[in-house]
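Participant: need a structure here:
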Amino acid sequence: MMRAMFAGVSGLKVHQTKMDVIGNNIANVNTYGFKASRATFQDLLNQTLQGATAPQAGRGGINPQQVGLGVQLASIDTLFSPGTPQGTGINTDLAIQNDGLFVVGDGQKKYYTRAGNFDFDAQGNLICRSNGLMVYGWMADAAGNINTKASVQPLSVPKGQVIPAIATDYVEAGKNLAANLAVGESVTSTIDIYDSLGNTHTLKITFTKEGDNQWSWLAEGDTLTGTATGNLVFDGDGSLASGATGSASFTVGGGANPLSITLDFSQLTQSAEGVSSAELIAQNGFPMGILESVSFDTTGVITGYYSNGMRKALGQVALAVFNNPAGLTKVGQTLFEESNNSGVAMIGAAGSGGRGTIMPANLEMSNVDLGQEFTEMIVAQRGFQANSRVISTSDEMLQELVNLKR
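Facilitator: Got it, this is the predicted structure:
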């Protein structure tokens, strides 16, 4: 009877723990990035009343006789099944599809989370909105290249940062020169180009027909000192046979560096049409620009958009995976940290090495299944109730034993 009573007590304890786990799951049903837990049980010690005997002398073997001494908590498992992504319309909100956790920290210690409700602070640092922890990744170099093999660092994108002017060193011409123009007739096109200080200049190229399938070109500009010339030769089918590239050098005022420009005529054609459509269609220079907005892509790359029309990679959000993510230790605020059984963090870019991809403007909902939790609640309640009956029944039997003295 005493064994039954203490077994019942152990049952009450573990079912109370199970209810604690269920209650915490339900409390966090709307917590972004929350991962539900489950409690599992195992039997406690067994008292052997009689050991097993082997078959012998024409008799069969006898199984052992054992009385269990109760139940104990086997584990509390963290369930890392994915939650449903929910669109928020905020481009700094990030959700992870499949495996991986964001890397965040305070400069001293790193933590890991599935809750991607991020934002930029007053200094342009990408942080967790709820606790101010920095989001880790890799910053791009001046050319926009990102080295994901380097150590991760806090991401910072100050709004209003300036990108310097880029001098034009390439101009492309395209479309068609009319083959039926008379010798000596010309076609002129202009395009704005930029010097090393970001000043705008107008480049003018004049195409003049010199004969059948032969054209000359003259590059000049009102604010440019110097000219450049060259020749174009077309095949009988209208494709360019020679003169696909040219070069032009100009000096400019105001202290800017001289311009040295490659002229690309490879896209020009020659065919009969009433009016030539040939024009300068592209150049690669930009004036100075100010960062106006940023966006994230599915690999976590942060792209900056500038007032001069340029865009450039500024950084990339890192993801971490673990051999045993269920072994991570919960530390509150939807954060995890490494434990002795989680394995070390394997940090890399989203979409690589088994890491999931990132969904911008989304947050991952809790993976708590209310239907499952309510069912487990009923099971826990009935288990608690049954164990309490074992205790009360054992008590009544002890009372009967005491009454034998009367």
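
Participant: Helix or strand: which one has S10?
Facilitator: Applying DSSP states H and E as the criterion places S10 in helix 2-27.

Participant: Now do that helix: distance to the chain's middle.
Facilitator: From the chain centre to the centre of helix 2-27 is a distance of 40 Å (Cα atoms, centre = their mean, to the nearest Å).

Participant: how about it: buried residues?
Facilitator: Within helix 2-27, the residues that count as buried by 16 or more other Cβ atoms under 10 Å are 4-8, 10-15, 17-19, 21-22, 25-26. Where C-beta positions appear, they are placed from N, C-alpha and C, glycine not excepted.

Participant: cool, and stretch 139-148?
Facilitator: By 16+ other Cβ under 10 Å, the buried positions in stretch 139-148 come out as M139, A140, I146, T148.

Participant: Need the contact partners of that stretch.
Facilitator: If you take Cβ atoms under 8 Å, 6 or more residues apart in numbering as the criterion, stretch 139-148 is touched by 138, 153, 155-156, 301, 312-316, 318, 348-349, 352.

Participant: From the structure, what's the count of residues near the residue lying closest to L181 once chain neighbours are set aside?
Facilitator: Using Cβ to Cβ, 6 or more residues apart in numbering and skipping residues adjacent in sequence, the residue nearest L181 is K209, 5.0 Å away. A count of nearby residues for K209, using other Cβ atoms under 10 Å, gives 23.

Participant: Quickly list the domain ranges of the chain.
Facilitator: 2-49+66-73+369-403, 85-163+290-364, 170-283 (automatic domain parsing).

Participant: Surely V321 and G351 touch.
Facilitator: No - shown here, V321 and G351 do not form a contact pair, counting by Cβ atoms under 8 Å, at 11.9 Å.

Participant: Please enumerate the strands of the stretch 101-250 of the chain.
Facilitator: For the stretch 101-250 of the chain, strands defined by DSSP state E, counting those that start in this stretch occupy the ranges 101-105, 110-113, 118-120, 126-128, 134-139, 153-154, 162-163, 170-178, 186-194, 200-211, 214-220, 228-234, 240-242, 245-250.

Participant: Figure out which of these is closest to G33.
Facilitator: strand 110-113 (5.9 Å; Cβ to Cβ).

Participant: Which secondary structure elements does that closest one sit against?
Facilitator: Applying 3 or more Cβ pairs under 8 Å, 6 or more residues apart in numbering; DSSP states H and E, one finds that strand 110-113 contacts strand 101-105, strand 335-337.

Participant: Which residues belonging to it are considered buried?
Facilitator: In terms of neighbour count (16+ other Cβ under 10 Å), strand 110-113 has its buried residues at K110, Y111, Y112, T113.

Participant: what's the distance between the nearest residue to the second one once chain neighbours are set aside and A143?
Facilitator: This means Y111. Distance criterion Cβ to Cβ, 6+ apart; nearest residue to Y111, sequence neighbours excluded, is L335 at 4.3 Å. Per Cβ to Cβ, to the nearest Å, L335 is found 35 Å from A143.

Participant: can you check G51 too?
Facilitator: Taking Cβ to Cβ, one finds G51 at 77 Å from A143.

Participant: same thing with G348?
Facilitator: Distance check for G348 against A143: by Cβ to Cβ, it reads 22 Å.

Participant: again with I76
Facilitator: According to Cβ to Cβ, I76 stands 49 Å off from A143.

Participant: try I26
Facilitator: I26 is 51 Å from A143, by Cβ to Cβ.

Participant: In the buried residues of strand 110-113, find the pair that's most separated.
Facilitator: It's K110 and T113 that sit farthest apart of the buried residues of strand 110-113, by Cβ to Cβ, at 10.6 Å.
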